[in-house]
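Colleague: Below: sequence and its predicted model.
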Amino acid sequence: MVARTPQHARAGRRWPLVLALLGVAGAIGLAMAWRWPARHAAAPPPRVTPVDGQACRDCHAAETAAWEHSHHALAMQLPTAASVLGDFGDLTVRTASTGITRFRQRDGRYWIHTAGPDGGAADYDVRFTFGVDPLQQYLLALPGGRLQAFTLAWDTQRRRWYELNPDADATPRDALHWTGASYNWNYMCADCHSTGVRKNYDASTATFGTTYTAVNVTCEACHDPHSPGTVRNAGRTAAVEIDTCARCHARRATIGTDAGPRAPLLDTYVPALIEAPLYHDDGQIRDEVYEYGSFLQSRMHARGVRCSDCHEPHSLRTHSNGNALCTACHNATAPALRHAVDTGGLKRFDYDSARHHFHAPGTPGSQCVDCHMPTRTYMGIDARHDHSLRIPRPDLAVRLGTPNACGACHANQGPAWAADAIARWYGPARRSEHTWGEDLWAGARREPGALRALQSLLRDAATPAIVRASALARLLDFPGEAALRVFTAHLTATEPLVRLQAVTGLELLVPAERVGHLVPLLSDPIRAVRIEAARLLAAVPIVRFAPADAAALRRALEEYIAAQTTNADRPEAHLNLGNLHADQGDTQRAAQAYDAALRLDARFVPAWANRADLEAAGGELDRAERTLRTALRRVPEAAQLHHALGLVLIRQRRGSAALEALREATRLAPDEPRFAYVYGVALYDGVGAARGRAVLDAALTRFPNDRDLLQAVAAYAQAAGDAPAAQRHLQRLRSIEAALAGATP
């Protein structure tokens, strides 16, 4: 009933690899309860191995003094009158997300009385504070060694309790309730807010035995604990130092325990790429992504600037205040930078003047960061700077619909007004060159010519590695020979992040055709690359490989399984293991893995979808329907599940029920062109041409570059005798296809 073009076939496969991207909140706290109502079992505190920091202090007194008042040192503290900043003076607060909550002191401890995991109210005592400014949270303990960050936080500036999730409800069923996985310290927070963390999750008992060597962020977090005096950034190279910081200052997925202070970042973590909803299409920050991914996009990073050039690494403060930090290098005389930094492109000019920023000194817009590092607010009150350090381009905001720095103060005037102002100030010499952000934007929207633009971006060695990797990710939406040539050409890229995404791109090939390309990558020096190659080769029978290659595949698969086991407390890991077993033809173990994911999170949509897909693929359509209906009782707002149910019902020849499910999927996900396409085709075939064409025409208005929609609308227009409309849509389709076919690596 539904035409399965290559694009649609890819989208219709089971839910692919899912990585749990750590969002380590910048100001989350740590707490544990020691007394519980009878219905709960007590949660033991993490076991701590004391660290004698005196050896560092004796020789590095100045660094220690700077560190002692830093956010690293105060990241996590025992609750005392000095460390607890919130009002625990027998205060009652009522909010939508936590209900009635009482903060008080008793027996020398700090207590929060609130609804727990079963919905009943109980007392939870605070064992640790978490963060100091601009907010402070408190961690509470749940059974099984779990520590949870409470979702009422203390605003240290306005001195008030406020909700982190005002749209959540006060029941544990809500995914953003404080008792849920999103606020679990053991996984989400501990790795970066304490030192020497070992999560120690036992999947057989679903319990944590988490340990750490220091409760806060100490010397060993950045310096090699095995060789006193040796720092992680041995050799003082920018790349190694930035990788050290990236272990916590990046939105990333974990693929193993820390491989050592000098190990490459991608041996332990996989940083997020420039993709929605984390970033805007041109690379500006959107969700909470921290500094690493944006800084990699900057020209400063490309020139060799590193974190400690701006931030004193022990106090974490900037080396200078205000514009003085920037004008140390960007000035009319000479830059004050290390010899390893390329300053050849710096223009000599008095930037701290109205001749440059066109704002009165001391007013908003006169500070360098106002225009070159605009902020976005997270956790309600925490404003963070975009570290891509880009030049304001309101003209691009007009064309792309992306944010621009001028809008922070002049939102009412709009980007066109700001673009006109820039034109008046700087004249024809203003910056107006093409940017890679425009290419990523075009790729995200599948614009005609987008593949050529992405190809050109990838050929430019000056393009940041994270941008090229993100461009490769965009190419997955342009399946065909041209895209495959681009992916294979980048399998030997120098940068691991680019090489990794090139491997992922070979998902476009059937498994047997991947072998020749990916076997060499099974022995790649970077763990993330090795295990991704192994994942994509898992469906190929081991007997098809030469003995040495088979051994390499087994080793890499063991690493892949170990990476998932590291995250056995997360449903994403079990989903990935289920996919691996399904690829290897072991449907029983695949089903068991999907069920394990659902035991951890009964609302985890990908596991429900893949479980049903496994059953449908085996011909068990009635069982697949029951699975999907069970899932929808738990997650009625999941468009993917309604869509999957519609497809199952079509195979059962239950047209009316199928149309109802497909229509609901389009209602819940109006920005998903595939759902609209399938629903429109189903309407056309099952109800009537007029109804189907109306849905498809409306969808094509929203997604003018979707090839499935263009093909269907053109065919149906031709069938209706509307030759001009059919030719118009076919011409656009041909232009898109020509652009795809014409690209070369």
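Modeller: Alright, I've got the coordinates. Residues are numbered from 1 along each chain as shown.
Colleague: quick one, domains of this structure?
Modeller: Domains of the chain are assigned by automatic domain parsing as 21-221, 266-391.
Colleague: Could you tell me the least trusted of those domains?
Modeller: Out of the domains of the chain, domain 21-221 stands lowest, with a mean of 84 (criterion: mean pLDDT).
Colleague: Distance from it to the middle of the chain?
Modeller: Chain-centre distance of domain 21-221: 23 Å, with CA atoms, centre = their mean, to the nearest Å.
Colleague: if we can go back for a sec, out of the domains of the chain, nearest to Leu497?
Modeller: domain 266-391 (6.9 Å; CB to CB). Glycine gets a C-beta too; all of them are placed from N, C-alpha and C.
Colleague: how far is that closest one from where the chain is centred?
Modeller: So, by CA atoms, centre = their mean, the centroid of domain 266-391 is 21 Å from its chain's centroid.
Colleague: how far does it stretch from start to finish?
Modeller: 30 Å (CA to CA, to the nearest Å).
Colleague: Where do the helices of the stretch 401-550 of the chain begin and end?
Modeller: All helices of the stretch 401-550 of the chain, identified by DSSP state H, counting those that start in this stretch, fall at 414-426, 436-444, 450-459, 465-475, 481-489, 496-505, 511-518, 527-537, 547-566.
Colleague: hey, what's Trp161 bridged with?
Modeller: Following DSSP bridges, Trp161 is listed with bridge partners Trp154.
Colleague: Now for it, how many residues are close by?
Modeller: Trp161: 16 surrounding residues under other CB atoms under 10 Å.
Colleague: Name the residues of stretch 110-125 that are buried.
Modeller: Tyr110, Trp111, Ile112, Thr114, Ala115, Gly116, Pro117, Ala122, Asp123, Tyr124, Asp125 (16 or more other CB atoms under 10 Å).
Colleague: same check, this time on stretch 433-441
Modeller: Quick answer for stretch 433-441 (16+ other CB under 10 Å): Thr435, Trp436, Gly437, Glu438, Asp439, Leu440, Trp441.
Colleague: Name the SS class of the closest residue to the third one other than its chain neighbours, please.
Modeller: For Gly437, the nearest residue in space outside its immediate sequence neighbours is Asp282; the separation is 3.0 Å by CB to CB, 6 or more residues apart in numbering. Three-state assignment for Asp282 (DSSP: H, G, I helix; E, B strand; the rest coil): coil.
Colleague: which phi and psi does Asp282 have?
Modeller: phi -90, psi 10 (degrees, to the nearest 10).
Colleague: If you tally nearby residues, what's the number for Ile466?
Modeller: Residues near Ile466, counting by other CB under 10 Å: 25.
Colleague: Quick check: it vs Ala719, distance?
Modeller: Remark: distance between Ile466 and Ala719 (CB to CB, to the nearest Å) = 46 Å.
Colleague: again, but for His385
Modeller: Per CB to CB, His385 is found 55 Å from Ala719.
Colleague: In terms of neighbours, single out the busier of these two.
Modeller: His385 (16 against 12).
Colleague: so what secondary structure elements neighbour the strand or helix carrying Ala682?
Modeller: Ala682 is part of helix 673-686 when elements are defined by DSSP states H and E. For helix 673-686, the elements it packs on are helix 6-12, helix 639-651, helix 655-668, helix 689-702, helix 707-719, judged by 3 or more CB pairs under 8 Å, 6 or more residues apart in numbering; DSSP states H and E.
Colleague: Tell me the buried residues in the third one?
Modeller: Right, helix 655-668. Neighbour-count burial for helix 655-668 [16+ other CB under 10 Å]: Ala658, Leu659, Ala661, Leu662, Arg663, Glu664, Ala665, Thr666, Leu668.
Colleague: Report the contact partners of Ala153.
Modeller: Shown in contact with Ala153 (CB atoms under 8 Å, 6 or more residues apart in numbering): Ala27, Leu135, Gln136, Gln137, Trp161, Tyr162, Leu164, Met379, Gly380.
Colleague: Restricted to helices, list those residues.
Modeller: Judged by DSSP state H, helices contain none of the contacts of Ala153.
Colleague: buried subset of the residues you listed?
Modeller: Ala27, Leu135, Gln136, Gln137, Trp161, Tyr162, Leu164, Met379.
Colleague: if we can go back for a sec, out of the helices and strands packed on helix 673-686, the one nearest Ile542 is which?
Modeller: Ile542 lies closest, by CB to CB, to one member of the helices and strands packed on helix 673-686: helix 6-12, at 25.8 Å.
Colleague: What mean pLDDT does that closest one get?
Modeller: Mean predicted lDDT for helix 6-12 stands at 32.
Colleague: Kindly report the same for stretch 508-526.
Modeller: 97.
Colleague: and that stretch, how far apart are its ends?
Modeller: Taking CA to CA, stretch 508-526 runs 22 Å from one end to the other.
Colleague: outside of that stretch, which residues touch it?
Modeller: 10, 264, 266-267, 476, 479, 483-484, 487-488, 491, 496, 499-500, 503, 506, 529-530, 532-534, 536-537, 539-540, 544-545, 549, 552-553, 555-556, 583.
Colleague: swap the cut-off to 7 Å and go again
Modeller: 264, 266-267, 479, 483-484, 488, 491, 496, 503, 506, 529-530, 533-534, 536-537, 539-540, 544, 549, 552-553, 556 (CB atoms under 7 Å, 6 or more residues apart in numbering).
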